[in-house]
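Asks: fold the following.
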Amino acid sequence: MKALVKTQKGVGFIEVRDVPEPEPGAAQVKIRIAACGVCGSDIHVRHDRFPYWPPVTLGHEFTGTVIETGPECRSLKIGDRVVAEPHTKACGACSLCRTGNIQICAQKRSPGWGIDGGMAEFICYPEVLLHRIPEAMTWDQGAMVEPTANAVTDLIERTGVTAGDFVVVQGPGAIGLLCAMVARAAGAREVAIIGTAGDESMRLKKARELGFSQIINTGSQDPVAEVLRQTGNEGADIVVECSGSPKAIPLTVDFVKKRGKICVIGLTGGQPVEIPWDKFSFKVVNVIFNLSTAYTSWDRAINLISNGAVPAEKLITHREPLENWQHAFDDVEKLKALKAVMIPGEGDQ
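Replies: Purely as a prediction, here's the structure:
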């Protein structure tokens, strides 16, 4: 079968290869992949800035159809349409696993970097990590469940956005816009989205298309003054940091009100960040760091997408066969793509 493989350590070394078709083991099912989203972690692996064990097939945001079940499978059947939690290889015995936090187990090796992932025609996967999606859900929607589950975990379950909150989202990439939609679906009274002049032509334009009216372009507006103006000089209840920019991250404390919350999502790629520590102390803010997805967020994300409350599929700008991976990856890096999806095999199934 065809697969997009990171072949060895170093910058680059990605190619479409013929690899053996997998067969399901105990408590695994075999899935025909319909679509797999390109995540920032795939880009980091491309540039040797993320842990990975080559040779490895890329991709963890995948969706598809169960075509075979292995021994000891209990719930899924052939024909089920599924999405997958990327928490493979968690040990199951450490204190994190025992308290339901397998997503941050030190032994975890997710598909796409730790084990072979979803940018391939087929994958075999543990049944326990799969979630059924509705028959009416499109493959585009299915490919967006994993990043939406991140937004649900980070914003609803960990940060606790509630009805009436004023929310600021800094960084209008795919995750930022998903967070904006999730906040709105959770009842936020207003969501202000902050981007740069470079975000205007695509990302901020998409934010407006999605119905967000409070758009702040740092190229022409003072973002702190604008947030204070919109909140009666009080500040936002919640600031969601999705930019990963060392220059932008310190501004989060200027946006947030006293005893407000800062939800940290964006990664800097290892760059240091200078923080105005006393400002954080004097405002008595809660800073919530986030990584990966909790089990409870997946069905919530599926429901939010399938009922239209979070139209995550509208963020997809590129749909490409595996052979066009370089075009898709390049456009993601150059901010010419908002969300790219790879289509292995013959596309719609």
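Asks: most centrally placed residue in the chain?
Replies: By Cα atoms, centre = their mean, the chain has its centre lying nearest to residue 147, at 2.8 Å.
Asks: you'd agree that one is up against residue 175?
Replies: Yes. Residue 147 is within contact range of residue 175, at 6.1 Å (criterion: Cβ atoms under 8 Å). In short, each C-beta sits where N, CA and C put it, glycine included.
Asks: and the residue nearest to the centre of the chain, that one's in a helix?
Replies: Yes. According to DSSP: H, G, I helix; E, B strand; the rest coil, residue 147 belongs to a helix.
Asks: do you know how far it is from residue 277?
Replies: Between residue 147 and residue 277 the distance is 31 Å, computed by Cβ to Cβ, to the nearest Å.
Asks: helix or strand for the residue nearest to residue 189 when sequence neighbours are not counted, which one?
Replies: Spatially, and ignoring its direct neighbours in sequence, residue 189 is nearest to residue 164 (5.1 Å; Cβ to Cβ, 6 or more residues apart in numbering). Using DSSP states H and E, residue 164 falls within no helix or strand.
Asks: which residues are in contact with residue 164?
Replies: 187, 188, 189 (Cβ atoms under 8 Å, 6 or more residues apart in numbering).
Asks: the second one should be in a strand, yeah?
Replies: Read it as residue 188. No. Using three-state DSSP, the assignment for residue 188 is coil, not a strand.
Asks: correct me, but it touches residue 168?
Replies: No. Look at residue 188 against residue 168 with Cβ under 8 Å: they stay out of range, at 10.1 Å.
Asks: do you have the strands of the stretch 1-150 of the chain handy? List them.
Replies: 2-6, 14-18, 28-37, 56-57, 61-69, 81-84, 122-126, 130-132 (DSSP state E, counting those that start in this stretch).
Asks: got those strands as JSON lines, with distance to residue 261 columns?
Replies: Shown next, in JSON lines, are the strands of the stretch 1-150 of the chain (distance: least, Cβ to Cβ, whole Å):
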{"stretch": "strand 2-6", "distance to residue 261": "37"}
{"stretch": "strand 14-18", "distance to residue 261": "38"}
{"stretch": "strand 28-37", "distance to residue 261": "28"}
{"stretch": "strand 56-57", "distance to residue 261": "36"}
{"stretch": "strand 61-69", "distance to residue 261": "27"}
{"stretch": "strand 81-84", "distance to residue 261": "28"}
{"stretch": "strand 122-126", "distance to residue 261": "34"}
{"stretch": "strand 130-132", "distance to residue 261": "28"}
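Asks: helix/strand/coil for residue 229?
Replies: Assigned with three-state DSSP, residue 229 falls in the helix class.
Asks: pull the contacting residues for it.
Replies: Contacts of residue 229 (Cβ under 8 Å, 6+ apart): none.
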